[in-house]
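1. got a sequence here, can you build the structure:
(one chain, ligands or ions: 2)
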Amino acid sequence: MQTQVIVMGAKGRMGSTISKLAMEDSQLDLVGVVEREDNLDGLDSLSCKVDSDLSRILDSFPGAVVIDFTVPEASMETVEKCSSAGAAAVIGTTGFTAEQSQKLESLAASTRLFWAPNMSVGINVLIQILPELLKSLGEKYDLEIMEIHHKFKKDAPSGTAVKLAQILAETKGLDMDRHGVYARHGIIGERQKDEVGVQTLRGGDVVGEHTFYFLGPGERVEVTHRAHSRETFAQGALRAARWLVEQKPGKLYSMADIFA
Ligand SMILES: NC(=O)C1=CN([C@@H]2O[C@H](COP(=O)(O)OP(=O)(O)OC[C@H]3O[C@@H](n4cnc5c(N)ncnc54)[C@H](O)[C@@H]3O)[C@@H](O)[C@H]2O)C=CC1
Ligand SMILES: O=C(O)C1=N[C@H](C(=O)O)C[C@H](O)C1
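-> Ligands and ions are numbered 1, 2, ... in the order given. The predicted structure follows:
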């Protein structure tokens, strides 16, 4: 039995990659794609429904899984529509506000909902193991994070950096709302022990690079993840879609639930 998939933002860097891979996957049936009303040209070559309104496609395919890598406002609308229609949603979009993130958590109580800021295997393995590395190194090791992305990326820091900074800060007993440092400029004085620096570089066509620095006395440990192709994220999203369709509502699922 194939899993029916609807892709939001089908002309985007991620949406187009996900649509391509979905069409190549025998376990999936790409039944529809959605784009902005002013960005639909060129999609009619796809052998599926094309629309600017997700609800009209969900009317025909209420059992589908919607995959959304768009912008926060659009993704929130996607989740609301999926919740109303009883459809499942895999969200890859980043840059949500705290209020939007809380809304996703609350809708997950009654909607099959999955969100991950990074759907690559590598980053999700690092999410599992970096806290242990930090604990083993001990409190004398300062934590800093740097991320590099292509010049078209609209949000900063990356959702990956935000997520891992939160997780690693908590491992150190810190809170990014209080201890996060996102820019350093001028006579800034000595680095405080409880700082967690997150730096952002933008340029070129970098798909996604994250380096985690553990800076200690006389040495440092650096862990870098480099994504070479958006297919690594897209394959993670399609894996999540195949998995989510079999789940029940109740929590905001993440890649950790699939790895479990
Ligand atoms: N979770 C993950 O593994 C990854 C997440 N991302 C995130 O995915 C998001 C999208 O990234 P890109 O694909 O590079 O952006 P993009 O700008 O290339 O694509 C976004 C697409 O969404 C469309 N869109 C905007 N509003 C819409 C609406 N109301 N209805 C339908 N379509 C709409 C745009 O027209 C565009 O085609 C970003 O937040 C990015 O951080 C990107 C890569 C991996
Ligand atoms: O915008 C991107 O391209 C990416 N965004 C995600 C993020 O914000 O972490 C994931 C990946 O790094 C690519």
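2. going forward, measure contacts between C-alpha atoms and count neighbours the same way
-> Fine.
3. so who does the most centrally placed residue in the chain touch?
-> For the chain, the residue nearest the mean C-alpha position is Pro117 (1.9 Å; Cα atoms, centre = their mean). Pro117 is in contact with Gly92, Thr93, Thr94, Gly159, Thr160, Lys163, counting by Cα atoms under 8 Å, 6 or more residues apart in numbering.
4. got TSV for these, with neighbour count and secondary structure too?
-> Formatted as TSV, these follow (neighbours: other Cα atoms under 10 Å; DSSP: H, G, I helix; E, B strand; the rest coil):
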residue	neighbour count	secondary structure
Gly92	24	coil
Thr93	22	coil
Thr94	24	coil
Gly159	18	helix
Thr160	21	helix
Lys163	16	helix
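5. and of these, the nearest to Val5?
-> Val5 has its nearest neighbour among the contacts of Pro117 in Gly92, at 14.6 Å by Cα to Cα.
6. look up phi and psi at the nearest residue to the closest one once chain neighbours are set aside.
-> Among residues not flanking Gly92 along the chain, Phe69 sits closest, at 4.9 Å (Cα to Cα, 6 or more residues apart in numbering). Main-chain dihedrals, Phe69, degrees, to the nearest 10: phi -120, psi 90.
7. how close does Phe69 sit to Gly12?
-> Distance, Phe69 to Gly12, by Cα to Cα, to the nearest Å: 8 Å.
8. out of these two, which sits in the more crowded spot?
-> Legend: neighbour count by other Cα atoms under 10 Å for Phe69 and Gly12, higher for Phe69 (24 against 14).
9. what sits against the more buried one?
-> Phe69 touches Met8, Gly9, Met14, Gly15, Ser75, Ile91, Gly92, Thr93, counting by Cα under 8 Å, 6+ apart.
10. surely Ser55 is in a strand?
-> No. Assigned with DSSP: H, G, I helix; E, B strand; the rest coil, Ser55 falls outside any strand and is helix.
11. could you count how many residues lie near Leu244?
-> Neighbours around Leu244, by other Cα under 10 Å: 22.
12. I should have written Thr200 there, sorry.
-> Thr200, neighbours per other Cα under 10 Å, totals 16.
13. ok, now Gly138?
-> 13.
14. near ligand 1, which residues of the stretch 151-260 of the chain? Just list them.
-> Phe233 (Cα under 6 Å from any ligand atom).
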